Every structure is written in C-alpha cells, then in structure tokens.
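Novice: sequence first, then the predicted structure, then my questions.
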Amino acid sequence: MRKAIVTALLLALFAGTAWAQNIRIMGYGGNDPAIVVRLLEEVIGDELEAEGITLTYEPLEGDYNAALFNALSAGTAADLFYIPVETAPGIIATGKVLPLNGLVDVDPFIDSLVEAYTFDGQVYGIAKDFNSLAVVYNKDLFDEAGVAYPDENDTWETFADKLRAVSALDDDVYGACFQPAYDRFGAFALAAGWQPFDADGHTDLLDPAFVEAVEWYASLVQEGAAVLPADIGQGWTGGCLATDQVGVAFEGAWVLGFLRDEAPNLQYGATFMPIGPSGQRGNMLYTVAWGVNADSPNRDAAIRVLEALTSPEAQQWVLEQGLAIPSREALADNPFFDTGTPDAEANRVVFQGASDGNVAPFAFGTVGTAWMNPINDALVAVLSGQASVGDALANAQREMDTLLQR
Amino acid sequence: MTTATLAAKAKAAGISEEAFRRWQARRRWSRAALVYAVMLFFGILLVGPLLFATVSSLKSDPLEYPPSLNIAQLDPRNWAAAARLGVAGARDRWFGGFAPGAVVPFEVRYFVPDGVEAAPPEVVVPRRRPGAGLGAVLRIDFAADYASVSDVRLVESQAGTVLDADGEAVPGTFLTYGFEITYEGEGPEVQRLPLDVTASPGVRFVGSTLAPTRMERRGRTASFDDVAPGVLGYVFHNYVRVFNEVRSPSTGQSLFLNWILNSFSYAFFRIVTSIAIATMAGYALARLRFRGRELIFILVLFAQMIPDQVLFISNYLVLRDGLIDFGGFKLSALWGQPGGLLNSMTGLVFISALQTATVFMMKQFFETLPREVEEAASIDGASHWQRFSRVVLPMARPALGAVVVLQFQGAWNEFFWSFVILTSPEQVKTLPIGLLSFRNTYGGIGDWGLILSGAVLSALPVIVLFFVFQRYFLEGVSFGGGKE
Amino acid sequence: MRQSRADARAAYLFLLPFLVLLVVFFGYAAVRAVYFSFTDYDMFSRPEWVGLSNYRRLFEDALFLSALRNSVVYAVVVTTTQTFLALVMAAVLNQRIRGIGFFRSAFYMPSITSSVVITLIFLWMFQRRGVINYLIEAFQRYSPVLGAFLLLAVGLQLVQVLIERSRGLPAGWLDPALAVVSLLVAGAGTWLLNGIGVVYPREVPTFDFVWLQTTDAVPAGAPFWLQAPLPLVAIMIQNVFTTVPTFMLMYLAAMQDVPRSQYEAAALDGAGPVQQFFYVTIPALRPVTFLVLTLGTIGTLKMFDQVAVFGNAVPLRSMVTLAYFVYDRMFPGASLPQVGFAAAAALFLAALTLIVVLIQRRFVRSEAV
C-alpha cells in the first residue's frame, strides 16, 4: 500500500515537472531585463503558466553579439534570443536560427521590419519593436535663451540658429551634443540625400551629399554650438542631455528610460529631425527581433512564447509603459500616442519618424558593424580638428574600398 | 670609518675630532630624514591612486570636476543629520528607512537676491525606481505611495549677501523653509525616501539638513536619493547599492554576493588542487630518479613562457567538447549538459590546475631539504608515498604557506580564463568578471560610484590577507620569482 | 637497480596528474593550434584545410599589424622602464632605517590587487575630466612657484657646499644636512616671494587632454612602427605602476645578499657610493636582472586584461595586442569566429616570445634559472 502511494506521488511529481517547460531567453542587459520580467509578470505570465511554460531571462552584459556567437557555437544558447538588425546576416549564417515560415504569422507586423529579417525568402526573426531618431531637447535651456523650441518645420539653417542661441548662454552650455559616429550622424547624411549603398553594393563617401553633411556637422562643433560627448566626460549624447549642459540630443525612445533614472526632473520635449538640404528629413531604423534557436529541445514551447511576447496585448502594454514602439501595424493609431505627456509625444515622434523622409535601416550587409569604422574614424578626425574634411574622407574611402572588397 | 681615518680627516679640516663626529652625526640624521621624505613620496605615488579611488567611491558622482577630497559623505555634520533623519524615519540610526508612523522633519535654505520674487519651494516625494539596468528588476515598495508632505512653512528669514561668479556682493535674504514627511496609515517599511525640492527661477540653493545627491534643472531642483538614510546608509550609499541593487533577474539574489562566494570557492578548490598536484610533481622532480626527467624540465620551462592565449583555442574547445569529437558525439556528453564544462566552476578549476610555476617552486624548495631524514625513513622501510606524506610534506610548511597565499591571490585576481569560460548567466561569474559586467552596464551611463565601490570591495580580501600574511607573500616572490 | 625501478614507478605515479594536465592542456593544445592554423574553421562547420593562406593574410590585416606594433612597442618600453625603476627604487629602499618594513609592504600594494581593479581605477582617472588631467593642469598652474623653489634650493645648496668646502670639511654636492637646510629655506623663500607677489600661480586653459577615445599616437611625426598610441601609453603607465613593486622586491632581496665585504673592498680602493653602486651592486645583480627582463618581456607580450577592461572606451586599433587579437578573432562579435586565423596569430605570438627569450639568454649570459 505504502509503495503504491509513494509511486503515485513520484509519478505525480514527474508528471508535474515533465509537464512544465522552462524556456530560456537571451537578450541585452541594461534596461531590458526589467522590461521582460515585468512583461512576464503583468501581461503574459498567466496564460503561459496555464500551458506549463516558465520563462528565464538571461541578460548578456557587455558585447551582446560576441556573447551570443560564443553561446551558439558552444551549444549553450537559449531557446529564444535577440537578433539585432545590424548583425542579423552573421547570426543567421551560423545556421542556428529557425526559419519561421509557416510557424508564425508575419502579416500583422510592419512590412519593412519583416523584410529586414528575410533572407532567401525565409523569415528568421519577428521584430519585437523598433526605434528611430528624434530631436530630444531640454526645455529649460531654450526658455533661458529666449528661443523657440525646435519643431517639425526646422531646416538645418533655422535649427543651427537655435543651437547657437543656446550655446551663447554660458561657456559650459552647448546647443547640441554630436556623436562622432555613424550611428547618429547617418541620419544627417541621409537628410542630405545620400544613400549608404548604391546599386553595385558600393559605398561612396566622396558623394557631395555626404561631404555637405560632414561639413555642416563639423562646422557647428568648430563654432562651439555643438560639443562631442567625450568633451564633457560623457559616453553618448543621452548622457550629455542628462548633464543639463546641452540643449539637444539626437536619440531614440531608449533615452526616455535613461532620463527617467538619471535626470528625473529634466523637462524635455521631442520633435522630428530637421529637414536637410535635399528637402527631406533623414532617419535610421533600429530594430531587434526575437529568433528561435534551431537546436532548441522545446521548439513548440519556444514558438508559443514568441507569439506571446509579440502578441497585441504584450505590445500594447509595452507601448503604454513608454518602453518601446510596437512592431504591429495595427498599433499605429493607438490612443497612447495622443495622451500628451512628454513620454507619449516622444514616442509618437519616433514612431512617425520611421516613415518620414529618407529612412534607411541600421544594417550593413555581410560586412557587419566593421562597415562603420572608416566613417567613424573620419568623423572623429574631422570633429576633433585633426584633419580636414577632404583628407579624412579620402582616407575613409580607401579603407572602405578595402573593406568591401574582402 | 675607522678612528684613524676620522682623526686624519678632522685634522685635514682643521677642527677637533669631536666637532667632526658631530658634523657626521648631523649628516646621518638629515640623510635619514631625506630618505623618509623620498619614501613618503614614492608611497604617495604608489598608494595614492588606490586611496583616492576609495575616497571617491563614497561620492555620489566620482566624475565631478575638479575632483576634490572635500565630499559631503565625509562631513561629520552630515553624519549627525543622517543619523537623526534615520531615527526619525525608522528608528534605525545606521540604515534608516521609512516606516509606518514616521515623521521626518526637513529644512532647506535658499538665498533670494533682492528684487526676485520668491515663492516657497515645491516639495515632492517622487516615485522613483532605484538605479538602472539590473537594479530595475527589483520589485520594491515606493515611498511615494505612503508618504505625504506637509505644507512648506517659512522658518527663518535673515538678510545677507553672497558673492556671485565675478566676486561681486549681491544683497538679498536667506530664507529657511521647513516641512515634514509623514508615513500615512499602515504599510511595509520602505528602504528609501527620495525627495525633489524645486525652487522658483533666480533663487539660489544654499543648504539643507542633508546634502542633496544631485542638483538638476540648472540648479533649480535639489534631488535627494534618500532623506532618511542613517549614518552607514549615507556614507556608504554606493556600497549598499552594490549589494542591494544588482540582482539576478531569475533568482532575485544579490549578484555581488554570488560573485564573492564564487571567487572564494574557486580560490579554495584551486588551492587544494594546486597543492596536491604541485607537491607531488615537485617531489618527484626533486628527489626521484627516472628517465625523461630532463625532458619534463624543458617542457615545464616552455609551458611557463607560452602565453595563455596561444593554447586557449584548443583548451576552450576541450572544455566545450571534451577531448575527442567523434563527428557529432562529444566526450562532453559525459558531463550531461550542452557546452560541456563551460560556464561552470568545475571547468575553471580544471583548467587552472596546471600551475607550472608552483611545481617549479616546490621542486626548488624540496631540493633544499636535507636528505638524511628521508633516507632514514627509507631505511626504516617506508614506501615512497609514506616518505612523501609523513616526512617531507610536514617539513614543507613554509613553502606551502607561500603557495596557499600566492594561489589565493592568483585565484582571486584570475581574469583571462574566467573571462572566456564564465559568460552566462550572471550568477556563475567570479568577482573580476562581475566587475567587468558592472563596468559595461554602468560605465556607459557614467555611474562610477558603483564601479569604484565594487572595485574597492573586491580588492579588500586580498589586501587583508596581505597584511596578515605579509611574510609569505614576500617570500613567495623572492622564491619563485614574479607574479602568477 | 630495483631501487631505481621502484623510484621510476613512483615518480610516474606522483607525476601522473601533472603530466596528464600538461599533455592535454599544453601538448595537445600546441599540436591543435598548429593544426588549426592551417585550416579555415568557424566552429559551426567542419574545418577546411587552407595551407599557409592564414599566415599570408595575417600580414595583410591592418588590425594584426597594429596589434604587432602595439605589442612590440609596449613590451620594449614597459620592460625597460619597469626594470630601471625597480632597480632605482630597490636602491633607495635598501637602507637600514627603522620602519623600512612598513614602506616595503605599502609599496607592494598595487601589485597584489587584481588587474581589473587597477584598470578600472585608472580608466576612471584617465577620463577627460579626470584626476590625471586635473593634476597635470595643477602642475602647469603652479609651475612658476615650483620653478622658483627649485632654483632657490639648488642655489642655496651650491652656496652652502662651497662654504663648507672652503672651511675644509669634505662635503659632497648632495650633502644631506645642507640639503635639508636648502629645502627648508627655499620653501620659506618661495612662500615669501608668493606673498609679495613676485611669484604666483599662473592662469592656464583647462587641460582636458583626450587619453582614451582617440587614435592619436606619440611621437607625433614618427613612422608607424615607432609610434605608441595614446591609450596604449595610458596602459603602459598603469602597468608600470603595478609591476614595479614586484620586481623591486626581487631586486631588494638580491641586493641584501650582496656581501658587505665587497663594498668595503671597493671603499678601500677609493670608490664613492655612486661608483660602488655601478661597480659592485649592478654586476652582482646580473642574474636577477636577467630574470626581471625575461619575466617582464614575457609578461608584457601577454598583455590582455587591460584591453578587455577598457573595452569600448578606446578604439580597438589603438590598444589591441597580439594576445587580444587572438581572442578577438575567436569571438569577433559582429561576424563568425575565425579560428584558423586566430591560431595562426597565436603561433606567431608564441614564436615571437620564444625568440625574444632566447635572444635575451644569449646577451645577458647568466648562471641563474
């Protein structure tokens, strides 16, 4: 009799544990663990639990891409992981990402985002959200300078005038913070009418549009109307904004969470990128997708989790928390965007900015992020006054050619 | 100097021997003084950065410029204030808090230049989540949900002047405002009570009961991370944050504690394995005669010279796949998990077990031991193992002491292999790699207070060990030569 | 003969764990590294034999050439600096004065803490608005005052020595008693001059030199192979800071073993303290110097930790070393691993280390080790 009870208990225990599947997720560190954990607790946790699925989020701090490759080759990668758009070709080339055609319905998602993750006709990731750049400005500084806030009708000239007015306030105050790197500057090159890759897959850095953008960018720094983050001890332009020393930073919606922590009392506003000499704005599309591990032992459960994470409810919640911009088309008209808080305004600007003007995704084909290096080097050289625009760009073009040839 | 030469020199100088001796004594004393001065100078150069970093780790913003040693956390007035506020908040002088029934009194002082309209400042208890990133995962209670701020009333008004940026005196009034923050009703004890005090434009902030954590909005808002901190909570704010804010998203445990425990257990296992392996190998190389002795010497010498990175490719793959990969079946399957020995303490200890320098050190030490005792034992019929364990090993205590100490230091500071092997999840990392994680998460946003505090905390055990066991450290260096 | 057979058997048993580890983690690893260097392997598919092409590509790779240049310049500069400084400091500390033990322990502190801790501290200090720039600016600001002080001190010392010599006393140029007086009086004099306004700190522009986020190299006009990138200079300073105490201790231990009789013999021959140092101490320290140089070279060629900790604060090209290059090719992050390429670089590094050590052995012929 006792034996029967014990066996029954053991069976029940086994059944319980066999029934519950633990899905691991790998993603960025920083703010993301909080977002995923809260999403789980407040929105999708219950329905997943009912199906016996539990989630564990493993943030990969530091260089996410290196750590992911490490994990993929070692076989320790999680069932679900982030696929950043700029390294997608490399990650998918490992063969460890499951093609999702037929397993997940990709219709509801924004087309350009689905395309960014389609290779050889196979869809490898579902974009969880996206971001673009906006002009985030410090209202107090513009008030002090007695100048109107930047708005959606600003051209490069009127915008520069406003920056100069702000930087005239004090030695320590600057109109804007300019990152000497492609990941922000690119939007300006695009606004001047430049395209990253021409029909042959070649990159022309001596294109007059590109040169014009570099010259405009550099002239503001040399005048003192703009400053480099490193010059005020910061690592990025969001940090500049938090110091109360700059009037404007060009960032996506990710800066809002940062400001909430580091400068909770900053009165900020957001507007669209200024209109460039080509008559259009420029912008870049940053996105990260969920991908499923092809070797995952819990494939069905992983796909179920993927669906839950990108469900309308989850994306609605994420949007309302002001955490990210959803990738579902249907949410474009969501009332959240009209609530009028600075958060909502900024999010709306970012969302609409993705389809306004000359917008390119933040991706560089198979060369990977190394593509940005020649451009970044040239920008650093020009903006710190060490080289003339012509010399720096000539050098960069040479390096770029060697890079693309390999 | 002999007396003869002394007399000769005194004569040559034309003064008495006594005077000459005094002149020499003066030289000796001043030489000693100068040597002490030079030592002090070197000391400042070498220890200064560490001390300055430690002091700066207490600051709310170690990146402040110009860097100064005059920080709020070291001001005794702030300690007294912090203690008082802690007691008012939660009857805890050391760590403070905000408990039901608490009434926390607070005062702020402003200077209003003549001609500027001054309304009482706006006081708000914000609903603020502590820290960024990993800390944000914490499910904490917010003080804002339970706190209510009383009306701000004018406590004191006093005419005076301040100097502006150009050194000109500006006349105006010093206004002191007071208010209380009350815990309404019942509820949990909250750890932190943040506060934002915003003044009207043109008004200058002069002081408050407790120094603010940061000034925002170009000086208009004084932002406080915690106004009921308690003395330790105030002075060691960053250290408390290191333990409390950085938590694993899956287990909710303090990551820093995990890292410390991992480092300790790694050190323990590494000491045990290296002593076991190195003493045996060193004894064999020192005492026993066998073919291939010279060859092993040369191999050991080579192994010491080759950098880790050269052999790391293969060794990493060995840990990941096991020794042989039969086209799909890997020996690591025996360990029952994908990824073999990666991300595990076993793998790390395994790869650190090869300590050629220690083997060398033990060999050299054993060679210095007198053979007679061993020979006596062997005549008595002791086996090799008995000779080794009962006779030689007990005599090796001083060398073993040095080995333990050096291996602890090596294990505590080990970087390369932990960096490569321990990547995910966060809980398996050792302290140096955890610190790197810190630097990546918080360096980008410039939260150097946390990074420096973490660094100081991780340096403490080895420094303590050093001061207690100095002899072994210094002996080990002159013995084996060089850092591990 | 049974004894030696029993000996041999016991020896192999004692050595077994060590030998197993040595074979697997050293022997097998070396062989595999050689094998991989002739293949193209990305860890996701099978290795493909490509012969010598990895080695050829190495020398066309800009990052590898930077790594090579950085490693060599770093090794040369740091080894010589740390050997020289360790020797000087050991000479200074080689005194029989009370409290010397305390100083010795205090000086050893930087060496015992982990490289990550020291690197983090120095990363913080080398920020653009950091401690080091602040100190340099302070030095620039106070340079007139310091200059005045030095001039006064040297002048007073000269005057005093001349006076004493004219009186027949055998005072050396660096006579300590006179030096103390010179320094104190010079200090008072400078303070006076400051008070009456003749000498005062001057206005200097903010010194916000960029140490880290830059691809600059010094000396500015020199050819590529003789330049050191600024971030590398910062790492050099940090490394010297960490390793000098260890080597100083080694020198100190050796110095104290030099028998007094040798010094006395030299003194009898008329050698002053400086000459004694050059003709007695330094030759006696030959074996230790060899050890310090060898360990220093091997250690500097291995430099890895600092590059990993500095991470994205510095452009990779300006601080990459051969050791980090191997790691970077194994786990590039933005693309697939290039194991074969990494193995080729690793073998190059091993060969370089061996060659350097052999050269040193030849030139600093010694009986030690």
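Specialist: Yep, that arrived.
Novice: where does the chain have low pLDDT?
Specialist: Chain wasn't specified; assuming chain A. A:1, A:4-19, A:30-31, A:62, A:322-323, A:366, A:406 (pLDDT under 70).
Novice: actually, chain B is the one I wanted.
Specialist: In chain B (pLDDT under 70), the answer is B:1-4, B:12-14, B:129-139, B:249-250, B:323-339, B:444-446, B:473-484.
Novice: quick one, strands of it?
Specialist: Taking DSSP state E, the strands of chain B run over residues B:103-113, B:122-124, B:147-149, B:153-163, B:169-183, B:195-198, B:204-208, B:214-216, B:221-224, B:325-326, B:329-330.
Novice: could you export these as TSV, including distance to chain A and mean neighbour count?
Specialist: In this view, the C-beta of every residue, glycine as well, is placed from N, C-alpha and C. TSV is the format used below for these (distance: least, C-beta to the nearest C-beta, whole Å; neighbours: other C-beta atoms under 10 Å in any protein chain shown):
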stretch	distance to chain A	mean neighbour count
strand B:103-113	15	19
strand B:122-124	9	16
strand B:147-149	16	16
strand B:153-163	18	11
strand B:169-183	18	17
strand B:195-198	6	22
strand B:204-208	13	17
strand B:214-216	4	18
strand B:221-224	5	23
strand B:325-326	12	11
strand B:329-330	9	15
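Novice: redo the ones you listed as a markdown table? Include distance to residue C:54.
Specialist: As requested, these are exported to a markdown table (distance: least, C-beta to C-beta, whole Å):
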| stretch | distance to residue C:54 |
| --- | --- |
| strand B:103-113 | 68 |
| strand B:122-124 | 63 |
| strand B:147-149 | 66 |
| strand B:153-163 | 69 |
| strand B:169-183 | 68 |
| strand B:195-198 | 60 |
| strand B:204-208 | 64 |
| strand B:214-216 | 53 |
| strand B:221-224 | 56 |
| strand B:325-326 | 21 |
| strand B:329-330 | 25 |
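Novice: does chain A have contacts with stretch B:349-365?
Specialist: No - using C-beta under 8 Å from any C-beta of the partner chain, we find that stretch B:349-365 stays clear of chain A, coming within 14.9 Å at best.
Novice: let me see the ranges of the strands in the stretch 51-200 of chain A.
Specialist: Assigned by DSSP state E, counting those that start in this stretch, the strands in the stretch 51-200 of chain A fall at A:53-60, A:80-84, A:118-119, A:122-123, A:126-131, A:134-138, A:174-177.
Novice: any weak-confidence spans in chain C?
Specialist: C:1-3, C:364-369.
Novice: how about the residues of it by chain A?
Specialist: Near chain A, when you scan chain C using C-beta under 8 Å from any C-beta, you find C:43-45, C:127-130, C:208, C:210, C:213-216, C:311, C:313, C:315, C:331-337.
Novice: okay, strands next: where are they in the stretch 301-406 of chain A?
Specialist: Along the stretch 301-406 of chain A, the stretches classed as strands by DSSP E, counting those that start in this stretch are A:325-326, A:358-361.
Novice: for residue B:107, find the nearest of the ones you listed.
Specialist: strand A:325-326 (44.3 Å; C-beta to C-beta).
Novice: surely residue A:315 and residue A:329 touch.
Specialist: No - taking contacts as C-beta atoms under 8 Å, residue A:315 lies outside contact range of residue A:329: 10.8 Å.
Novice: who has more neighbours out of these two?
Specialist: residue A:315 (25 against 13; other C-beta atoms under 10 Å in any protein chain shown).
Novice: who's the residue nearest to that one when sequence neighbours are not counted bridged to?
Specialist: Once flanking residues are discounted, residue A:315 sits nearest to residue A:326: 3.7 Å by C-beta to C-beta, 6 or more residues apart in numbering or on different chains. With beta bridges defined as DSSP bridges, residue A:326 has these partners: residue A:129.
Novice: check whether stretch A:79-94 comes near chain C.
Specialist: Yes - using C-beta under 8 Å from any C-beta, stretch A:79-94 reaches chain C at A:86-87, A:90, A:93-94.
Novice: adjacent strands (with direction) for the biggest strand by length in chain A?
Specialist: If you go by DSSP E, chain A has its longest strand at strand A:282-292. Looking at strand A:282-292 with DSSP bridges, its partner strands are strand A:80-84 (antiparallel), strand A:126-131 (antiparallel), strand A:358-361 (parallel).
Novice: kindly export the last one (C-alpha atoms) in PDB.
Specialist: Same thing as strand A:358-361. Provided in PDB are the C-alpha atoms of strand A:358-361 (Å, rounded to 0.1, in the frame of the first residue of the first chain):
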ATOM      1  CA  ASN A 358      14.900  59.200 -46.300                       C
ATOM      2  CA  VAL A 359      14.900  56.400 -43.900                       C
ATOM      3  CA  ALA A 360      17.400  53.500 -44.000                       C
ATOM      4  CA  PRO A 361      17.700  50.500 -41.700                       C
END
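Novice: hmm, back to that, okay, the angle between the longest strand of chain A and strand A:134-138?
Specialist: 110 degrees (axes from the mean of the first three to the mean of the last three C-alpha atoms, to 10 degrees).
Novice: how near is residue A:92 to residue A:289?
Specialist: Between residue A:92 and residue A:289 the distance is 11 Å, computed by C-beta to C-beta, to the nearest Å.
Novice: show me whatever sits in contact with both of these two.
Specialist: Contact with both residue A:92 and residue A:289 is made by residues A:83, A:124, according to C-beta atoms under 8 Å, 6 or more residues apart in numbering or on different chains.
Novice: more neighbours, these two?
Specialist: Remark: of residue A:92 and residue A:289, residue A:289 carries more neighbours, 29 against 19, as counted by other C-beta under 10 Å.
Novice: isn't that one up against residue A:118?
Specialist: No - using C-beta under 8 Å, residue A:289 makes no contact with residue A:118, being 10.8 Å away.
Novice: overlap in contacts, these two.
Specialist: residue A:124.
Novice: near residue 387, how many other residues are there?
Specialist: All of this refers to chain A. So residue A:387, with other C-beta under 10 Å, has 17 neighbours.
Novice: wait, chain B was what I had in mind.
Specialist: Using other C-beta under 10 Å, residue B:387 has 21 neighbouring residues.
Novice: which residues touch the residue nearest to it when sequence neighbours are not counted?
Specialist: Leaving out its chain neighbours, the residue that sits closest to residue B:387 by C-beta to C-beta, 6+ apart is residue B:377, at 5.1 Å. Neighbouring residues of residue B:377 by C-beta under 8 Å, 6+ apart: B:386-387, B:390-391.
Novice: roughly how far apart are residue B:377 and residue B:409?
Specialist: Where residue B:409 is concerned, residue B:377 sits at a distance of 34 Å (C-beta to C-beta).
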